[in-house]
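Undergrad: below are the sequence and a predicted model; questions follow.
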Amino acid sequence: MRILNIDGGYFIRVLREMGHEVLSVGREGCCDLVLDEVASLRRLMEFLESRAFRPDLVLWADNCRPPSVIGFESLPAPCIGFSIDQYCNPWHLPFSAAFDLMLVAQKDYRDMFQHRDLPRPVQWFPLFCNLAKDVDLGAERDIPVSFVGTLSGSINKGRMDFLNAFKRFQPVFLHQGLYPPVYGRSRIVVNQSAAGEINFRTFEAAACGAAVLTEDIANGQAEIFTPGETVLTYPRGDAEAAARVAREWLARPEDLARVARAGRDLVLAEHSDRVRAQEIIRHAERLTSKHSWKWRFENQGIVRGELAKMFTMLGSDWELPIPLALRDCYVRLAGRYLSAQ
């Protein structure tokens, strides 16, 4: 299958390993076409023609930034969108009109994408580990508890307060940067989220062989992990309780190792990038058999009206870190899409 991948590159490597031809477009340096500005449909088509590439599937993956390509909804191929951080990117809702299938990482947000005028299905599509880098190398577990991730930011303002409170009851090694070397030496990785979402850290740390100590949250977590068997949990926001759980399990090293192994085996078997890529291909084959893009072609007014809403949101939401020039671009695009309804 010939796949045009836009933005997030989570599946590029594994799709190629599966034998698919993948052409990638986005702002990431690994893309076949690296963009420094939003690409129009004309630029996209020129690039595809230069590679003699007619996609059988268009796959957009969320990378926490606005889409780098516009107009791809006009391509005669199944379009699949993958939304990860919908809880802090409400523009994903109208953007979903561009797709024949919307995959949503956070289960409790799935129903928000339902739209009476958009027949495209919305499915829960949990996050995953990366089999190429999330590896348990069997190193000595000489770090009792660790946390790797951003320690401050505009989205998760309470993280450092939580970690500082945790440290008052249980030492924790904090690190920003590459996580596999730390996870591979950790007995427990403590996880804290921005909005009660199941984040990548849950799967990455488990795949690296650490026992994951995460919040007791919704979004389908209980359908994936079993507390005390494949994961450890604490009440969300309760640093003292989290530290207490860590101490109790560190005092039971054999039981802790059992939970770590079970979590690792579960994630590797059912929640890897390869498993998710295989799901995407099955969806694409089904959509192709139904010529799913025909509805988009026959209902361009509805699609363009929703995308105009998205561009308006991107141009006017001052909480998003978008340069002024790009905001102006989005406002112009909103007007262009409205006039083309």
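TA: Everything's here; your move. This structure is a prediction, so every number in the text was calculated from the model and none was measured.

Undergrad: could you use CA atoms for every contact and neighbour count after this?
TA: Will do.

Undergrad: can you show me the helices along this protein?
TA: Along the chain, the stretches classed as helices by DSSP state H are 12-17, 41-50, 92-95, 159-167, 180-183, 200-207, 221-224, 239-250, 253-270, 273-289, 293-298, 300-316, 324-339.

Undergrad: which of the ones you listed sits most buried?
TA: Greatest average neighbour count among the helices of the chain goes to helix 200-207 (a mean of 27), per mean count of other C-alpha atoms under 10 Å.

Undergrad: the most centrally placed residue in the chain: what's its closest spatial neighbour, skipping adjacent residues?
TA: Among the residues of the chain, the one closest to the centroid is residue 84, at 3.5 Å (C-alpha atoms, centre = their mean). In space, and not counting its chain neighbours, residue 84 is closest to residue 105: 5.0 Å by C-alpha to C-alpha, 6 or more residues apart in numbering.

Undergrad: look up phi and psi at the one you found.
TA: Residue 105 has phi and psi values of phi -70, psi -30 when expressed as degrees, to the nearest 10.

Undergrad: number of residues surrounding it?
TA: Other residues lying near residue 105 total 24 when counted by other C-alpha atoms under 10 Å.

Undergrad: what does the one 10 residues further on give?
TA: Look at residue 115: counted by other C-alpha under 10 Å, it has 15 neighbours.

Undergrad: who's sitting farthest from the centroid in this protein?
TA: Going by C-alpha atoms, centre = their mean, the residue of the chain most distant from its centre is residue 251, 34.6 Å out.

Undergrad: look up how far residue 244 lies from it.
TA: Remark: distance between residue 251 and residue 244 (C-alpha to C-alpha, to the nearest Å) = 11 Å.

Undergrad: what about the helix or strand of the chain with the lowest mean pLDDT, distance to the chain center?
TA: Least confident helix or strand of the chain, by mean pLDDT, DSSP states H and E, is helix 324-339 with a mean of 91. On the basis of C-alpha atoms, centre = their mean, to the nearest Å, helix 324-339 sits 26 Å off its chain's mean C-alpha point.

Undergrad: helices or strands up against that helix?
TA: Judged by 3 or more C-alpha pairs under 8 Å, 6 or more residues apart in numbering; DSSP states H and E, helix 324-339 is in contact with helix 300-316.
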